[in-house]
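Enquirer: Predicted model follows, preceded by the sequence.
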Amino acid sequence: MRVYLLVMAIAAAVTYLLTPLARWIALRSGAITALRDRDVHTIPTPRLGGLAMLAGMLAALAMASKLPFLSGVFANPRPVWGVVGGATLVCLLGVADDIWDLDWVTKLMGQVLAAGFMAWNGIQLFQLPIAGVLIGSQRMWLALTVLTVVVAMNAVNFVDGLDGLAAGVIAIGGTAFFLYSYLLTRGASPGDYSSFATLTLAVLVGACLGFLPHNLYPARIFMGDSGSMLLGLVIAAAAITVTGQIDVTVVLPRQQIPAFIPILLPLAVLVLPLLDMVLAVVRRVGAGRSPFHPDRMHLHHRLLALGHSHRRAVAIMYVWTAVFAFGAAALVVVSTTVAFVALGVGVVVAALLTLGPLRGARVAPVTPETVR
């Protein structure tokens with residue numbers, strides 16, 4: 001565990017120190033988020049925070065490759081290069097979008113290219129962890145892998161609408177996923193706790209923690225698409241790496257459910273981004289608009305409309321993420337009954353915080369017709 005925490009600290013430190021440089025580059029290159037009808041911020045804000053996060057991740061992985069404890073992870077370098085290459089590609093794509101505002105077709109093609117590069121290097125779904133049964137063809141798994149990564153990237157991008165929201169949600173959910181992966185690996189292979197998925201999550205959480213001090217309200221810099229797509233790709237890579245990699249015959253009985261369904265926690269981590277994305281697509285298509293047509297009806301906009309302040313809306317999203325992510329992660333250490341009871345209590349508390357008396361003055365809801 002100490003090795004993973006060291007790697008996490010390196011990613012956080014490098015990201016924190018390089019974020020001002022990323023801000024300077026954004027200001028010089030014109031990567032600045034102007035004021036738009038759908039935005040919440042009140043002053044033009046530079047983006048490109050993803051550059052600093054990518055640098056933090058790469059520095060942490062470089063240091064990790066020198067640590068004896070993780071030598072087994074780097075014995076087969078292809079998956080590592082898959083994540084490094086895919087993350088670099090998608091971050092550069094995001095930089096281009098942050099500066100020149102690319103059309104959605106170009107962005108989608110770039111996302112597919114980055115996901116395909118990862119899959120080509122071994123970060124690929126190859127079985128469903130249901131009694132170890134192999135299902136479908138290699139082409140189907142390749143397509144499913146690419147789809148999973150692209151959906152994760154866009155889900156994080158959709159939720160990146162308030163200062164500190166996306167980075168905080170991924171940091172909280174990633175921490176739960178990190179503990180889940182570490183404990184499951186420890187139970188499955190008692191003699192070797194090294195795990196590529198756990199390492200990837202440590203690097204991801206560290207980058208988010210290093211970026212958050214610059215991004216909390218009022219933010220001095222946004223992560224931009226270079227950051228949101230990067231986070232989505234890396235957490236998808238960790239989820240794919242875990243899926244089907246655990247030997248369910250050697251884990252403890254109470255760990256059978258999380259071992260059989262390792263995709264459960266990534267879904268719990270991304271439950272808010274995925275829900276927000278699905279609602280947005282249904283809402284926009286139902287109104288006869290493109291699913292990429294912007295509006296002010298995302299979950300965070302609805303929290304503001306309920307009367308929550310900017311900071312409180314972000315905190316409530318953090319609470320919901322923690323409830324689902326840690327509720328799912330608890331399956332690896334407690335019984336299913338205890339985990340579901342704790343999840344139920346957490347949902348009630350989160351609902352009370354969302355709809356309870358802490359709200360301020362209610363704001364009139366925003367409809368699609370109010371957005372130009």
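Expert: Perfect, I can see it now. From a predicted model like this one, the values you see are computed outputs, not experimental measurements.

Enquirer: right, and Gly110 touches Val95 too?
Expert: No - counting by C-beta atoms under 8 Å, Gly110 stays clear of Val95, with 11.0 Å between them. (Glycine included, C-beta is placed from N, CA and C.)

Enquirer: More neighbours: the two, which one.
Expert: Using other C-beta atoms under 10 Å as the criterion, Gly110 and Val95 rank with Val95 on top: 24 against 20.

Enquirer: Do I have it right that that one meets Leu51?
Expert: Yes - using C-beta under 8 Å, Val95 is in contact with Leu51, at 6.6 Å.

Enquirer: joint contacts of these two?
Expert: Common neighbours of Val95 and Leu51, using C-beta atoms under 8 Å, 6 or more residues apart in numbering, are Ser226.

Enquirer: where does the chain dip in pLDDT?
Expert: 34-42, 127-137, 187-191, 243-265, 290, 292-296, 358-372 (pLDDT under 70).

Enquirer: Run through the strands of it in chain order.
Expert: 32-33, 45-46 (DSSP state E).

Enquirer: The last one pairs with which strands?
Expert: Here strand 45-46 is paired, per DSSP bridges, with strand 32-33 (antiparallel).

Enquirer: Determine how far the partner strand lies from the middle of the whole chain.
Expert: Strand 32-33 has its C-alpha centroid displaced from the chain centroid by 22 Å (C-alpha atoms, centre = their mean, to the nearest Å).

Enquirer: And for stretch 92-104?
Expert: Chain-centre distance of stretch 92-104: 19 Å, with C-alpha atoms, centre = their mean.

Enquirer: mind listing what's buried in that stretch?
Expert: Buried residues in stretch 92-104, counting neighbours by 16 or more other C-beta atoms under 10 Å, are found at 92-99, 102.

Enquirer: Just name the closest of those to Tyr180, please.
Expert: Top of the list for closeness to Tyr180, among the buried residues of stretch 92-104 and by C-beta to C-beta, is Gly94 at 27.6 Å.

Enquirer: Now do the helices in the stretch 151-300 of the chain.
Expert: For the stretch 151-300 of the chain, the helices defined by DSSP state H, counting those that start in this stretch occupy 165-188, 196-215, 224-242, 256-260, 264-269, 271-286, 299-305.

Enquirer: How about Leu270: what's its closest non-neighbour residue?
Expert: Closest residue to Leu270 apart from its sequence neighbours, by C-beta to C-beta, 6 or more residues apart in numbering: Ala155 at 5.5 Å.

Enquirer: looking at it, the one you found is touching Asp276, isn't it?
Expert: Yes - counting by C-beta under 8 Å, Asp276 is a contact partner of Ala155 at 7.4 Å.

Enquirer: Can you tell me the number of residues neighbouring Val348?
Expert: Neighbour number of Val348 under other C-beta under 10 Å is 11.

Enquirer: Give me the neighbour count for the nearest residue to Pro266 once chain neighbours are set aside.
Expert: Nearest residue to Pro266, sequence neighbours excluded (C-beta to C-beta, 6+ apart): Ala239, at 3.5 Å. Other residues near Ala239 come to 26 when the count uses other C-beta under 10 Å.

Enquirer: And the one 3 residues further on, by the same measure?
Expert: By the criterion of other C-beta under 10 Å, Val242 has 27 neighbours.

Enquirer: Same question for Asp225.
Expert: For Asp225, the count of nearby residues is 27 (other C-beta under 10 Å).

Enquirer: Who are the contact partners of it?
Expert: Asp225 touches 47, 50, 93-94, 97-98, 107, 157, counting by C-beta under 8 Å, 6+ apart.

Enquirer: And it, how close does it get to Pro266?
Expert: 21 Å (C-beta to C-beta, to the nearest Å).

Enquirer: for Val314, same thing?
Expert: Distance from Val314 to Pro266, by C-beta to C-beta: 22 Å.
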